[in-house]
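[1] no sequence on hand, only this structure:
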């Protein structure tokens, strides 16, 4: 039976008990409104450890002033039911007061340089400061041996890898493949904002990523492939923030033989902002 705790002392007592028994602890941090992609992270964590903790915390410090914090969907009962079915051992439900005892505005902040300043970081100033701050706090609270993050948020995972390496946090990071709907749309809590008319159009993002991969593998100029992808998405009604081909560390990919690359997209369809990426061998 999955335990649900909201007091830090109870969380630490349970994790300490498991560790005294020689059991490794995995961790899946989430903002709730969970779907099959989140539950797959729990199952993946289970393959690495004996015990799995998941958290649900809608983090105010990673939302900008004009973003959707207030309307971000909150479904605690469904989340708990799904996590239990996925094999989670403990659900950590901290309050804002527990996470930020001095308030979000007066909290100690963690900032990761360089990798946070491009792509999402350029379009959402301060977002990754909020992510790095809350993940550092969650790691300190849970003290996991392994933490699992989805690769759909590719830049977020890169930020957390940098954070863990630079601060020597003793946790193994596992990146999980993106879970997709049958038409290729990456699973996301924000998909539910799409209208019935927008929903099939949203799958064009994944088709466009596949087209970029095919073009680059065939020898196309990367900048040209980026521009063509942007034009394709705009023809389908998207307002594109970026289409970018980068190395896995998010540095520039070209020119010449570069090996492994990732193409990343962020675009709005109506009021819904969607992100996705596709990693592949360019040469």
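    Arrived safely, thanks for sending. In this text the structure is predicted, and so the values were computed from the model without any measurement. Numbers count the residues shown, from 1 in each chain.

[2] ok, then the element right after the host helix or strand of residue 214?
    Following DSSP states H and E, one finds residue 214 within helix 204-217. Of the helices and strands lying after helix 204-217 in sequence (DSSP H and E), the nearest is helix 222-235.

[3] tell me the angle of that next one relative to helix 204-217?
    160 degrees (axes from the mean of the first three to the mean of the last three CA atoms, to 10 degrees).

[4] chain center to helix 222-235: distance?
    Taking CA atoms, centre = their mean, to the nearest Å, the mean C-alpha location of helix 222-235 is offset from the chain mean by 24 Å.

[5] buried residues in it?
    The neighbour-count check on helix 222-235 (16 or more other CB atoms under 10 Å) flags 222, 225-226, 228-230, 232-233 as buried. C-beta here means a position set from N, CA and C on the backbone, and glycine is covered the same way.

[6] again, but for stretch 66-74
    Across stretch 66-74, burial judged by 16+ other CB under 10 Å covers residue 72.

[7] what does it rub up against?
    For stretch 66-74, contacts defined as CB atoms under 8 Å, 6 or more residues apart in numbering pick out 31-33, 58, 60, 63, 124, 189-190, 192.

[8] try it again at 6 Å.
    Residues from elsewhere that reach stretch 66-74 (CB atoms under 6 Å, 6 or more residues apart in numbering): 32-33, 58, 60, 63.

[9] between the buried residues of helix 222-235, which sits nearest residue 168?
    residue 222 (35.1 Å; CB to CB).

[10] re the thing from before, and the helix holding residue 214, what does it pack against?
    Counting contacts by 3 or more CB pairs under 6 Å, 6 or more residues apart in numbering; DSSP states H and E, helix 204-217 packs against helix 222-235, strand 260-269, strand 272-281.

[11] average pLDDT across it?
    For helix 204-217, the mean pLDDT works out to 97.

[12] what's the angle from that helix to strand 260-269?
    On the basis of the same axes, to 10 degrees, helix 204-217 is oriented at 150 degrees to strand 260-269.

[13] got the angle for helix 204-217 vs strand 272-281?
    Calculated by the same axes, to 10 degrees, helix 204-217 forms an angle of 30 degrees with strand 272-281.

[14] flag every buried residue along helix 204-217.
    204-206, 208-209, 211-213, 215-216.

[15] now swap in stretch 5-22 and tell me
    Across stretch 5-22, burial judged by 16+ other CB under 10 Å covers 5, 11, 14-15, 18.

[16] re earlier: the contacts of stretch 66-74 in strands, which ones?
    In strands, judged by DSSP state E, none of these are found.

[17] out of those residues, give me the two with the largest separation.
    With CB to CB as the measure, no two of the contacts of stretch 66-74 lie farther apart than 33 and 60, at 15.5 Å.

[18] okay, now the domains of this protein?
    Domain assignment for the chain, taken from automatic domain parsing, gives 3-176, 189-277.

[19] returning to that earlier point: which of the buried residues of helix 222-235 has the weakest pLDDT?
    Where pLDDT dips furthest among the buried residues of helix 222-235: residue 222, at 94.

[20] skipping adjacent residues, who's closest to residue 192 in space?
    In space, and not counting its chain neighbours, residue 192 is closest to residue 73: 6.7 Å by CB to CB, 6 or more residues apart in numbering.

[21] that's all I had, so thanks and see you.
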